[in-house]
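> Below are the sequence and a predicted model for it; my questions follow.
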Amino acid sequence: MNFTDELRPVDPESDDPQVASDILNYVLARTLRLTEDLQRFAEQRFDHAPASGTHVCELNGEISGLVLEWVRRWPA
């Protein structure tokens with residue numbers, strides 16, 4: 001199994017495959033939007049608050065890692 005396959009979880013038998021896919025894609029899209037918004041906000045203020053901006057970047061890393069772990073635990 002390669003990394004790409006790992007991010008395509010098997011749909012639970014009880015779920016409609018399209019709806020399960022829609023749910024996963026929605027969560028991933030919303031997470032991406034959140035992390036992009038946070039990054040952009042921090043970058044705009046980085047010159048005046050570099051420590052806080054760096055902390056936001058660390059938060060983005062944490063969020064991304066949590067979402068990857070969440071995908072790996074997708075019910076099958």
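Sure thing, it's come through.

> Tell me the secondary structure of Ser14, please.
Secondary structure for Ser14, judged by DSSP: H, G, I helix; E, B strand; the rest coil, is coil.

> what's the neighbour count on it?
Applying other Cβ atoms under 10 Å, we find 7 residues neighbouring Ser14. (Each C-beta comes from the backbone N, C-alpha and C, glycine too.)

> again, but for Leu24
For Leu24, the count of nearby residues is 17 (other Cβ under 10 Å).

> what sits against it?
Shown in contact with Leu24 (Cβ atoms under 8 Å, 6 or more residues apart in numbering): Pro9, Val71, Trp74.

> how much space between it and His55?
Leu24 is 29 Å from His55, where distance means Cβ to Cβ, to the nearest Å.

> May I ask you to name the longest helix in the protein?
The helix that spans the most residues within the chain, counting by DSSP state H, is helix 17-45.

> ok, and for that one, which residues are buried?
Ala20, Leu24, Thr31, Thr35, Ala42 (16 or more other Cβ atoms under 10 Å).

> Same question for stretch 49-64.
The neighbour-count check on stretch 49-64 (16+ other Cβ under 10 Å) flags Gly53, Val56, Cys57, Asn60 as buried.

> Pick out the most distant pair among those.
Spatial extent of the buried residues of stretch 49-64 (Cβ to Cβ) is set by the pair Gly53 and Asn60 at 10.9 Å.

> and the strand or helix carrying Ser52, what does it pack onto?
Under the criterion of DSSP states H and E, Ser52 resides in helix 50-72. Under the contact definition 3 or more Cβ pairs under 8 Å, 6 or more residues apart in numbering; DSSP states H and E, helix 50-72 sits against helix 17-45.

> mind listing what Phe41 touches?
Contacts were defined as Cβ under 8 Å, 6+ apart; by that measure Phe41 touches Val56.

> Let me know the secondary structure of the residue lying farthest from the centre of the chain.
No residue in the chain sits farther from the centre than His48, which is 27.6 Å out by Cα atoms, centre = their mean. With three-state DSSP as the basis, His48 sits in coil.

> hmm, back to that, in a markdown table, list the buried residues of helix 17-45 along with distance to Gly65 and pLDDT.
Putting the buried residues of helix 17-45 into a markdown table (distance: Cβ to Cβ, whole Å; pLDDT from 0 to 100) gives the following:
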| residue | distance to Gly65 | pLDDT |
| --- | --- | --- |
| Ala20 | 23 | 90 |
| Leu24 | 17 | 91 |
| Thr31 | 11 | 96 |
| Thr35 | 11 | 96 |
| Ala42 | 18 | 95 |
